[in-house]
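>>> Pasting the sequence and the predicted model now:
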Amino acid sequence: MSPLRIGFTGTIGALAAYGLAQATIQARSVLILLVVAMFIALGLSPLVEFLTRRGVKRGLAVLIVFLAVMTVLGLAGFAIVPVFSEQITNLVRNGPEILQNLLRNPQIRGLNDRYQIITKAQGFLTSGGLVQQLFGGLLGAGRIVLGAVFSGVTLLILTLYFLASLPTIKNAIYRLAPASRRAHVRHLEDQIFRQIAAYISGTFVVAVIAGVLSFIFLQIIGLGEYALALAVVVALLDIIPMVGAGIAAVIVTIVAFVHSPGAGIAALIFYLFYQQFENYVVQPRVFKKAVDIPGAVVVIAALIGGTLLGVVGALLAVPVAAAVLLILREVIQPRLDAS
């Protein structure tokens, strides 16, 4: 081949790669929805398999599971959303007073005198510019709400599609392998899908336990006014690997200290003990041996996933890392040992 032809072909290839990269970046939000829907479908697949093992046809089992999930979400929305919204509004309304109470602490008051952090936060909350800054005004808030509703509906539809067509997807992946290796590929595929399903479903179980126990605890120490809102925050943040539970504990403890020093100390002690209880009792029992991955790899995977895709990346990084380790152990390592 002449140098001109080589250069021309290389340039075309580089432009094609650049165009593909730009298209991927532009479609990033859609791709994230696809990945999240696939992982949710994998998390719900054990329920579908449970029904199919008892003689229910897969289509009917998928419909039953999906309707059950929609019913739970609908009931939770009607029961929780109004109270949650009211309590969040109360937290925002009482924000300046909470910040003012923090200034009673000498150390915090000294930091504020030096850096004006709390003073600026109080001014920001009382100026009426919070919504303007967060959402860009009424039009921006409406656009965000519409986008969230559209994304939610799209996520539900994609989840239903993936849940119904999961065997077809598995067979398509299986048929991509050479005929001589398909048995091994099916074995790996089943293990990877099982690990991801166990991790996703287990994560939500652990988060629900954290939220329920936090709600009960907050009711006991006299924070019933904010108990539901803070419990939902704890459950949502607990989904995030490594840092989510700690951030939730800090938020609840700060609110409790503002309410009263006794409540703050009780919250601090509760979450210190609960973190150990979750790490050494709840999570081992929920996950068992479903996700066999070293602790250091969990930290690295969560950091990389969070950097690339934010909260979604941090959540999905652990099962992806487990799948990669499984492939390394089952495929790469035996080849290296045989060479």
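All right, it came through fine. Numbering: from 1, shown residues only.
>>> Count the neighbours of Val69 for me.
Counted by other Cβ atoms under 10 Å, the residues lying close to Val69 total 17. Where you see a C-beta, it was placed from the backbone N, CA and C, and this is true even at glycine.
>>> Test my guess that it contacts Leu44.
Yes. Taking Cβ atoms under 8 Å as the definition, Val69 is a contact partner of Leu44 at 6.9 Å.
>>> you'd agree Leu31 is up against Ile25?
No. Using Cβ under 8 Å, Leu31 is not in contact with Ile25, being 9.6 Å away.
>>> Can you pick out the residue with more neighbours from those two?
Using other Cβ under 10 Å as the criterion, Leu31 and Ile25 rank with Leu31 on top: 13 against 9.
>>> show me the residues around the more buried one that make contact.
Taking Cβ atoms under 8 Å, 6 or more residues apart in numbering, we find Leu31 in contact with Thr24.
>>> Make 17 the first number, not 1, from now on.
New numbering, starting at 17: the last item is Leu47.
>>> Check the secondary structure at it for me.
Judged by DSSP: H, G, I helix; E, B strand; the rest coil, the three-state class of Leu47 is helix.
>>> okay, it: pLDDT?
You'll see Leu47 listed with a pLDDT of 79.
>>> can you map out the helices along the stretch 217-355 of the chain?
243-254, 260-275, 277-293, 299-303, 311-343, 349-354 (DSSP state H, counting those that start in this stretch).
>>> what's the last one packed up against?
Using 3 or more Cβ pairs under 8 Å, 6 or more residues apart in numbering; DSSP states H and E, no helix or strand is in contact with helix 349-354.
>>> got the angle between the host helix or strand of Tyr215 and helix 311-343?
Using DSSP states H and E, Tyr215 maps to helix 198-236. Following axes from the mean of the first three to the mean of the last three Cα atoms, to 10 degrees, one obtains 150 degrees for the angle between helix 198-236 and helix 311-343.
>>> So which bits of helix 198-236 are buried?
201, 204-205, 208-219, 221-223, 225-227, 229-231, 233-234 (16 or more other Cβ atoms under 10 Å).
>>> Repeat that for stretch 41-57.
Buried residues in stretch 41-57 (16+ other Cβ under 10 Å): 48-49, 51-57.
>>> Serialize these to CSV and add fields for distance to Leu244.
Output for the buried residues of stretch 41-57, formatted as CSV (distance: Cβ to Cβ, whole Å):
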residue, distance to Leu244
Ile48, 29
Leu49, 28
Val51, 30
Val52, 25
Ala53, 28
Met54, 31
Phe55, 27
Ile56, 24
Ala57, 29
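>>> Just put these in TSV and tack on secondary structure and distance to Gly26.
TSV is the format used below for these (DSSP: H, G, I helix; E, B strand; the rest coil; distance: Cβ to Cβ, whole Å):
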residue	secondary structure	distance to Gly26
Ile48	helix	32
Leu49	helix	35
Val51	helix	32
Val52	helix	37
Ala53	helix	38
Met54	helix	35
Phe55	helix	38
Ile56	helix	42
Ala57	helix	41
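>>> tell me which of these is nearest to Pro194?
Proximity of those to Pro194 (Cβ to Cβ) peaks at Met54, which lies at 25.0 Å.
>>> quick one on the thing from earlier: which strands and helices sit next to the helix holding Tyr215?
With 3+ Cβ pairs under 8 Å, 6+ apart as the test, helix 198-236 has helix 44-68, helix 182-191, helix 243-254, helix 260-275, helix 277-293, helix 299-303, helix 311-343 packed against it.
>>> Now tell me what touches stretch 284-291 from outside.
Contacts of stretch 284-291 (Cβ under 8 Å, 6+ apart): 226, 229, 233, 261-262, 265, 268-269, 272.
>>> May I see these arranged in TSV, with pLDDT and distance to Tyr190 as well?
TSV is the format used below for those (pLDDT from 0 to 100; distance: Cβ to Cβ, whole Å):
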residue	pLDDT	distance to Tyr190
Ala226	90	37
Leu229	92	42
Phe233	92	48
Ala261	84	38
Gly262	85	41
Ala265	89	44
Val268	86	47
Thr269	86	50
Ala272	82	53
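>>> Tell me the one of those residues nearest Ala77?
For these, the nearest to Ala77 is Ala226 (29.3 Å; Cβ to Cβ).
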